[in-house]
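A.B. asks: Here's a sequence, model it:
(chains A and B)
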Amino acid sequence: DIQMTQSPSSLSASVGDRVTITCRASQRLNNYLNWYQQKPGMTPKLLIYAASSLQSGVPSRFSGSGSGTDFTLTISSLQPEDFATYYCQQSYSTPYTFGQGTKLEIK
Amino acid sequence: QVQLVQFGAEVKKPGASVKVSCKASGYTFTSCDINWVRQATGQGLEWMGWMNPNSGNTGYAQKFQGRVTMTRNTSISTAYMELSSLRSEDTAVYYCARRRGAGSSDYWGQGTLVTVSS
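C.D. replies: Prediction:
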C-alpha cells in the first residue's frame, strides 16, 4: 500500500495568513493526488484533484502543487470558514489511501 | 443537482452484518464509479473499495477482503455496501462518494453511522 504522510498534523493560524500543508507519498503518484476539507460533523469536500486542478465552486485562494511524491496545498489568505481538517488522498493505486489529516485551528 | 442519499444510522451486534445503501440522483448512475469510505469517531478517512455501477466490477482494500461486498441496483440508481462479521472496531460513519477526475470523490453521501455493540 502507498503510505501518505501529511505535515503538520495540526496548525494554528490567523485570518489572512498564507498556509501551506504538505503531503508526502511513499511512492510516485503520477499526480493522482487529491485534497479534501472536512468540517466537524460534515462530509468531506473535494478541493483539488490531480494535484493542481481546482474543483468547481472552490475559491481560488486554494491551490495545489507538486509532483512525484511531494505535494502541497496552499491557502493564500485564510478566511474564517477555512478552519477545518484537511486530508490528502492518493488515487494512483488501490487502496486509495488518505493522509492522517491536518487540523487547521484559529490562533 | 447531484445527490447521494444515505440513511442515518444502524445498530448491530458483534458478528452480524450491515448493508448500507446509497441512492444516486442528478446524474447517470452507471456513468461513474462509487467509492466507499469510512471514518471512526474522531479519526481519519479510510478508503474501503470501489464499484463500477455499469459493469458491477469491484475492487476492495485488502483489509476488508472477504468481509465486504459492494453491489448495485441500476433500476433504482442505488449502490450498496455490505460488511459482515462486524466487530466493535467497525463502528464508524460509512460514506459513499462519486468517483470522478483522477479518481477523486467529488460528491459524497451524508454518511451512515454504523454502531457495533453488544
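A.B. asks: rest of the way, CA atoms for contacts and neighbours
C.D. replies: Noted.
A.B. asks: and the gap between the most centrally placed residue in chain B and B:Leu113?
C.D. replies: The residue lying closest to the centre of chain B (CA atoms, centre = their mean) is B:Trp36, at 3.8 Å. With distances taken as CA to CA, to the nearest Å, B:Trp36 is found 13 Å from B:Leu113.
A.B. asks: Identify the contacts common to those two.
C.D. replies: Both B:Trp36 and B:Leu113 are in contact with B:Tyr94, where contact means CA atoms under 8 Å, 6 or more residues apart in numbering or on different chains.
A.B. asks: Now do the buried residues in stretch B:43-52.
C.D. replies: Within stretch B:43-52, the residues scored as buried using 16 or more other CA atoms under 10 Å in any protein chain shown are B:Gly44, B:Leu45, B:Glu46, B:Trp47, B:Met48, B:Gly49, B:Trp50, B:Met51, B:Asn52.
A.B. asks: Now do it: distance to the chain's middle.
C.D. replies: Here stretch B:43-52 is found 8 Å from its chain centre; the criterion is CA atoms, centre = their mean, to the nearest Å.
A.B. asks: what's in contact with stretch B:40-58?
C.D. replies: A:95-101, B:29-39, B:59-61, B:64, B:70-72, B:74, B:79, B:90-93.
A.B. asks: Just the buried subset of the residues you listed, written out for ChimeraX, thanks.
C.D. replies: Only the buried entries of the contacts of stretch B:40-58 go into this ChimeraX selection, using 16+ other CA under 10 Å:
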select /A:95,96,97,98,99,100,101 /B:29,30,32,33,34,35,36,37,38,39,59,60,61,70,71,72,74,79,90,91,92,93
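A.B. asks: Would you mind listing what in chain A touches chain B?
C.D. replies: Residues of chain A lying close to chain B (CA under 8 Å from any CA of the partner chain) are A:32-34, A:42-46, A:49-50, A:91-92, A:94-101.
A.B. asks: partners of the residue sitting nearest the centre point of chain A in the sheet?
C.D. replies: Nearest to the centroid of the C-alpha atoms of chain A, with distances taken as CA atoms, centre = their mean, sits A:Trp35, at 3.9 Å. Beta-bridge pairing for A:Trp35 (DSSP bridges): A:Ile48, A:Cys88.
A.B. asks: From what I see, B:Phe7 and B:Gly109 are in contact.
C.D. replies: No - applying CA atoms under 8 Å, one finds B:Phe7 not in contact with B:Gly109, separated by 9.3 Å.
A.B. asks: So for those two, which residue has more residues nearby?
C.D. replies: Taking other CA atoms under 10 Å in any protein chain shown, B:Phe7 and B:Gly109 do not tie; B:Gly109 has more neighbours (22 against 14).
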